[in-house]
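1. Predicted model, plus sequence, below.
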Amino acid sequence: MWPFVRRNRLAPVEKLHDSIAAEARDPDLFTRIGIADTFEGRFEILSLHLALVLRRLAELPAPAAEVAQELTDLAFLRLDQGLREIGIGDLSVPKRMKALAKHFYGRAAVYHTALEARDREKLVEALRRNVFGGDKGDAGGLAERIAAFEHRLAGLDLDGLLTKGVRGAEAGES
């Protein structure tokens, strides 16, 4: 009975995660913005979107903090599964996951600092360094997308995030 109850309880968090992943897979990010269509590029853009949603959840009242923890746990579970699916050996996965978690939390802190300071240049530089590895890519264009994404998230409360996902406000709150 417990797995069934837990699964139902986590269904809205899974829906939210799926909407974040869909947003991070927008083909425009890879074609126009220039993010590398590699595991690393996809990790970077998923991490960026997840960090932005976690920022929004931190602004919301309880039980948003619990949802944020469940969302983070689910995101790392799915990353673990993804590594295994691409053939990373069972013995290497924990080490890779530790590195991915370190990268995620470091990047999330840098993005948060730049966004809190409303320092576009600092954000663009962080995106250039992290998402594009210093290489070519439209870090300024990505910063504009981030601003629009944060604006969209600001229009969503916890219920909206869990029922409509990250595109809820874009869809006219329908």
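-> Noted; the coordinates are in hand. Keep in mind that this is a model prediction, so the values were computed, not measured. Numbers count the residues shown, from 1 in each chain.
2. Would you report the backbone torsion angles of residue 36?
-> Phi and psi for residue 36, reported as degrees, to the nearest 10, are phi -70, psi 130.
3. now swap in the one 5 residues further on and tell me
-> Dihedral pair for residue 41: phi -60, psi -40, per degrees, to the nearest 10.
4. again with residue 37
-> Residue torsions, per degrees, to the nearest 10, at residue 37 are phi -90, psi 70.
5. neighbours around it, how many?
-> Neighbour count of residue 37, defined by other C-beta atoms under 10 Å: 12. Bear in mind the C-beta positions are built from the backbone N, C-alpha and C, glycine included.
6. What of residue 152?
-> Neighbours around residue 152, by other C-beta under 10 Å: 18.
7. center of the chain - which residue?
-> The structure's the chain has its C-alpha centroid closest to residue 50; by C-alpha atoms, centre = their mean the separation is 1.8 Å.
8. so residue 48 makes contact with residue 110?
-> No. Checked against C-beta atoms under 8 Å, the pair residue 48 and residue 110 is beyond contact range at 10.5 Å.
9. So for those two, which sits in the more crowded spot?
-> Taking neighbours as other C-beta under 10 Å, residue 48 and residue 110 compare with residue 48 leading, 26 against 18.
10. Would you mind pointing out the helix or strand that one falls in?
-> Residue 48 is located in helix 39-59, with elements delineated by DSSP states H and E.
11. Tell me which helix or strand comes right after that helix.
-> Taking DSSP H and E, what comes next after helix 39-59 is helix 64-85.
12. helices and strands around that following helix, which ones?
-> Using 3 or more C-beta pairs under 8 Å, 6 or more residues apart in numbering; DSSP states H and E as the contact test, the elements touching helix 64-85 are helix 2-24, helix 39-59, helix 93-116, helix 158-164.
13. avg pLDDT for it?
-> Mean per-residue pLDDT for helix 64-85: 92.
14. Pull out the buried residues from the least confident helix or strand in the chain by mean pLDDT.
-> Using mean pLDDT, DSSP states H and E, helix 2-24 stands out as the lowest-scoring helix or strand of the chain, at a mean of 81. Neighbour-count burial for helix 2-24 flags 10, 12, 13, 16, 17, 19, 20, 21, 23, 24 (criterion: 16 or more other C-beta atoms under 10 Å).
15. how about the CA coordinates for that helix, as CSV?
-> C-alpha atoms of helix 2-24 as CSV (Å, rounded to 0.1, in the frame of the first residue of the first chain):
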residue,chain,number,x,y,z
TRP,A,2,2.8,2.5,0.9
PRO,A,3,4.4,2.6,-2.6
PHE,A,4,1.0,3.3,-4.1
VAL,A,5,0.3,6.1,-1.6
ARG,A,6,3.8,7.6,-2.1
ARG,A,7,3.5,7.4,-5.8
ASN,A,8,0.2,9.3,-5.7
ARG,A,9,1.6,11.9,-3.4
LEU,A,10,4.6,12.5,-5.6
ALA,A,11,2.6,12.6,-8.9
PRO,A,12,2.4,16.4,-8.9
VAL,A,13,6.1,16.7,-8.2
GLU,A,14,6.8,14.3,-11.1
LYS,A,15,4.5,16.4,-13.3
LEU,A,16,6.5,19.5,-12.3
HIS,A,17,9.8,17.8,-13.0
ASP,A,18,8.5,16.7,-16.4
SER,A,19,7.5,20.2,-17.3
ILE,A,20,10.9,21.5,-16.2
ALA,A,21,12.6,18.9,-18.4
ALA,A,22,10.3,19.8,-21.3
GLU,A,23,11.3,23.4,-21.0
ALA,A,24,15.0,22.5,-20.9
